[in-house]
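Colleague: Output the structure for:
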Amino acid sequence: MARGIARAVSFGGRATAGCCSYRRVTVAVCLGNLVAALLVLRSLTAPASFSPATPNRGEVVHYTEEQIRRVEESIRIRRGAEPVELVQAVKKLRKAFAREEKRRKELPLVLKQKVSYDIVRRLRDLGDNGSIAQQREAVESWRVEKLKDIKHAPYQNQSNLGLSREEARMLKRVLEFNWRMLMEDIGLWIPEEVMNTEHDDKLENEPEEEEIIAGPPLSPQCNAELHTDYDGAAIRWGLTHHKESAADCCEACLDQAKNAKPGESKCNIWVYCPSEFGCFSPDKYEHKHQECWLKQADHPKLNFKDKYSESYRDSHPTAPVVVPWMSGVISA
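Modeller: All right, here's what the predicted structure looks like:
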């Protein structure tokens, strides 16, 4: 301990000098670190100042003949692949559409309303039963008559038609050249009349195809008749009496007749609804699939057979063309 103190005292001047040099070195290192930090910060905030110099724009770049040939070849291929005809056609269509759109906009809204009112009145004259062909004819006759009136009316007296001279001029041009476009603008659309032609390719004396009846085969006793509805007094109401098949309905009629008590009516007519969409009847009830009616009649009579007549369908608009029921008179 004493030795250390003595050494410090004997070299006190040098220690002091060393201490001062260390301080200077420390300050110099700190200053260096600060300058380095500032340089790094500047490089992060302004990197463009350290970007390499751009080449001289006036410098000429020389390409080889092979490079020039490839560039020219690529340009030629690109131009050859352009759909020139298609581009020209599109330009023509755009010009045509622009002209049509301009003409369409020239016709004022008030004049379009006048046209629509006139056409609606003409269609109302046909009534509700007018066919598509009659509607088309009425609209076309209106167009022809209106054009004739505009052409034959004196140029100074267009007001007699309820039009000004300018309106008459525009309407005449539209009726002659843009009639379909005017129909679209006023919301007039009459569908095309479709003519359905029936082709009978069946050979003469060719037997009719048998209609398939769902369920088990019917007994010969059932005497089943398709598209037939027999009349009779109801023993079992089909509204609450359903069977899986026509065979089951016929069997229910046979069972009722066999097991009827003395004095009870015996079933000799069965009527079944085989259609999944239900069966039509002129009464107030909705007759559904699988209805099975058990009836009795001493002299069975037909209600309907095969098809409903046109006069019947005129008086019953909901009646289908073909009788949907199937029936049978039980043989003794």
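Colleague: Give me the domain ranges for this structure.
Modeller: 105-185, 220-329 (automatic domain parsing).
Colleague: from those, which stretch is densest packed?
Modeller: domain 220-329 (a mean of 17; mean count of other C-beta atoms under 10 Å). No exception for glycine: its C-beta is placed from N, CA and C like everyone else's.
Colleague: Where does pLDDT dip in this protein?
Modeller: 1-20, 45-59, 97, 99-107, 154-162, 189-210, 332 (pLDDT under 70).
Colleague: what's the following helix or strand after the longest strand anywhere in it?
Modeller: Ranked by residue count and defined by DSSP state E, the top strand of the chain is strand 292-305. Downstream of strand 292-305, the next assigned helix or strand under DSSP states H and E is helix 310-315.
Colleague: ok now that following helix, how far from the chain's centre?
Modeller: Computed by C-alpha atoms, centre = their mean, to the nearest Å, the chain-centroid distance of helix 310-315 equals 36 Å.
Colleague: Pull the residues that contact it.
Modeller: The contact list for helix 310-315 (C-beta atoms under 8 Å, 6 or more residues apart in numbering) reads Ala319, Val321.
Colleague: Same question for stretch 282-289.
Modeller: Stretch 282-289 has contacts (C-beta under 8 Å, 6+ apart) with 238-239, 242, 273-281, 316, 319.
Colleague: check contacts around Trp232.
Modeller: Small correction: residue 232 is Gly, not Trp. Per C-beta under 8 Å, 6+ apart, neighbours of Gly232: Asn268, Ile269, Lys295, Gln296, Ala297, Pro300, Lys301.
Colleague: Now do the contacts for the fifth one.
Modeller: Residues near Ala297 by C-beta under 8 Å, 6+ apart: Tyr230, Asp231, Gly232, Ala233, Asn268, Ile269.
Colleague: picking that back up, save the contacts of Gly232 as CSV, and put in distance to Ile150 too.
Modeller: Output for these, formatted as CSV (distance: C-beta to C-beta, whole Å):
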residue, distance to Ile150
Asn268, 77
Ile269, 72
Lys295, 71
Gln296, 76
Ala297, 73
Pro300, 72
Lys301, 68
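Colleague: and of those residues, the nearest to Glu137?
Modeller: Lys301 (48.0 Å; C-beta to C-beta).
Colleague: State which helix of this protein is the longest.
Modeller: For the chain, the helix that runs over the most residues, judged by DSSP state H, is helix 12-45.
Colleague: How far away from the center of its chain is that helix?
Modeller: Centre-to-centre, helix 12-45 and its host chain are 82 Å apart (C-alpha atoms, centre = their mean).
Colleague: so where do the strands sit in this structure?
Modeller: Going by DSSP E, the chain shows strands at 224-225, 228-236, 269-272, 292-305, 326-329.
Colleague: any chance of those in a markdown table, with distance to Pro216 too?
Modeller: Converted to a markdown table, the strands of the chain look like this (distance: least, C-beta to C-beta, whole Å):
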| stretch | distance to Pro216 |
| --- | --- |
| strand 224-225 | 12 |
| strand 228-236 | 20 |
| strand 269-272 | 13 |
| strand 292-305 | 14 |
| strand 326-329 | 14 |
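Colleague: Ile186 is nearest to which of the ones you listed?
Modeller: Per C-beta to C-beta, nearest to Ile186 of the strands of the chain: strand 292-305, 47.7 Å.
Colleague: ok, for Lys146, nearest residue in space, not its chain neighbours?
Modeller: Sequence neighbours aside, Leu175 is the residue nearest to Lys146 in space, at 6.3 Å (criterion: C-beta to C-beta, 6 or more residues apart in numbering).
Colleague: OK, contacts around Leu182?
Modeller: Neighbour list for Leu182: Leu107, Lys112, Val115, Val174, Leu175 [criterion: C-beta under 8 Å, 6+ apart].
Colleague: Now for those: which two are most distant?
Modeller: Lys112 and Leu175 (12.3 Å).
Colleague: So the residue nearest to Lys146 is in contact with Glu145, correct?
Modeller: No: applying C-beta atoms under 8 Å, one finds Leu175 not in contact with Glu145, separated by 10.4 Å.
Colleague: got the residue ranges for the helices in the stretch 151-300 of the chain?
Modeller: In the stretch 151-300 of the chain, the segments counted as helices under DSSP state H, counting those that start in this stretch are 165-177, 179-185, 246-259.
Colleague: Reformat these as JSON lines; add distance to Arg70.
Modeller: Listed next are these as JSON lines, based on distance: least, C-beta to C-beta, whole Å:
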{"stretch": "helix 165-177", "distance to Arg70": "53"}
{"stretch": "helix 179-185", "distance to Arg70": "52"}
{"stretch": "helix 246-259", "distance to Arg70": "85"}
